[in-house]
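1. sequence unknown, structure follows:
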């Protein structure tokens, strides 16, 4: 009986020891052990992340390959990038914040607006790597009719649920008819733009870069849509979502962001379409950079 009790006690001690060691492992230590950098990237956030021929593509994918190579040099071993799709849906196990908090990914790269308090405990943000702002995508004939300087009472405005844009539009235009449930899935942005073009809603509100990228991805032209107002409604500074307890990892990522020429990577990611984004980027710079 005493031997059995001793065996059980030893098993419990070993279990607790290994659990503590696992919990204490830093992100960098795990990457050194496994040779894998796990990154959350959204499929619905072109040009930052999007699906093309069933493969994740975009600005964040390009950046994270650079990070994986950098970590390989630091750790003196090959590091493979493993992109994992993340979503806005707060109830999903693949929510962008939840995947970082529970360790499913080492970070999430995307248009993650830096907030004073993240919506989930256990996570924090890197230093900002990009900034943009909110615009409305409307049909060209609605310009002058759909006026953001009015209350927009009764106007149907599509917004992605769980996005930073949702509370901004809801509070700024309380008399508008906010349409959000329909756009809950990962193809919500794609569906919303189609609804604008087909006149099912009056406008769709989102980050100007994301609006332009999705419009181009769908093959729309400036005869199909326009973005208003000229200056964005908000200034959104984007950061990488990181685990809050790992100071070493945050320091590495912040330094990586500071030292890398992000604009060059963005230009390369956009390719020949970069000219379409110049107005949006300049408008954000004029409003947010000073």
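-> The structure has been received and is ready for your questions. As the structure is a computational prediction, the values presented were derived from the model and not from experiment.

2. how many neighbours does the closest residue to residue 161 other than its chain neighbours have?
-> What sits nearest to residue 161 in space, not counting adjacent residues and going by C-beta to C-beta, 6 or more residues apart in numbering, is residue 180, at 4.5 Å. For every residue, glycine as well, the C-beta is placed using N, CA and C. Burial measure for residue 180: 18 neighbouring residues, criterion other C-beta atoms under 10 Å.

3. So residue 180 sits against residue 160, correct?
-> Yes: in this structure, residue 180 is within contact of residue 160 by C-beta atoms under 8 Å, at 7.1 Å.

4. shared neighbours, those two?
-> residue 166 (C-beta atoms under 8 Å, 6 or more residues apart in numbering).

5. From the centroid of the chain, which residue is nearest?
-> residue 110 (2.8 Å; C-alpha atoms, centre = their mean).

6. Does residue 205 fall in a helix, a strand, or a coil region?
-> Of the three states, residue 205 takes strand under DSSP: H, G, I helix; E, B strand; the rest coil.

7. what sits opposite it in the beta ladder?
-> Residue 205 forms beta bridges with residue 136, as assigned by DSSP bridges.

8. related to what we said a few turns ago, residues contacting the residue nearest to residue 161?
-> Applying C-beta under 8 Å, 6+ apart, the residues contacting residue 180 are 158, 159, 160, 161, 166.

9. Pull out the buried members of these.
-> The neighbour count (16 or more other C-beta atoms under 10 Å) marks 158, 159, 160, 166 as buried among these.

10. just the helices in the stretch 1-150 of the chain please.
-> Using DSSP state H, counting those that start in this stretch, the helices of the stretch 1-150 of the chain run over 2-24, 27-34, 59-75, 96-101.

11. wait, residue 249 sits on residue 106?
-> Yes: Residue 249 lies in contact with residue 106 (C-beta under 8 Å); the separation is 7.3 Å.

12. From the chain's centre, how far out is stretch 157-169? Work that out for me.
-> 14 Å (C-alpha atoms, centre = their mean, to the nearest Å).

13. Ends of that stretch, what's the gap?
-> Start and end residues of stretch 157-169 are separated by 9 Å (C-alpha to C-alpha, to the nearest Å).

14. And for it, what's in contact with it?
-> For stretch 157-169, using C-beta under 8 Å, 6+ apart, the contacting residues are 88-90, 113, 115, 134, 136, 170, 173, 176-184, 188-189, 192, 195-196, 201-207, 233-234, 236.

15. Of the residues you listed, grab the buried ones for ChimeraX.
-> Listed next is the ChimeraX selection for buried residues among these, using 16+ other C-beta under 10 Å:
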select :88,89,113,134,136,173,176,178,179,180,183,184,188,189,192,195,196,201,202,203,204,205,206,207,233,234,236
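
16. Can you list which of the contacts of stretch 157-169 are found in strands?
-> 134, 136, 177, 178, 179, 203, 204, 205, 206, 207, 236 (DSSP state E).

17. Please identify which pair of these lies farthest apart.
-> Across these, the longest distance by C-beta to C-beta is 23.8 Å; it joins 177 and 236.

18. what's the distance between residue 103 and residue 93?
-> Separation of residue 103 from residue 93 (C-beta to C-beta, to the nearest Å) stands at 13 Å.

19. Cheers, nothing more for now.
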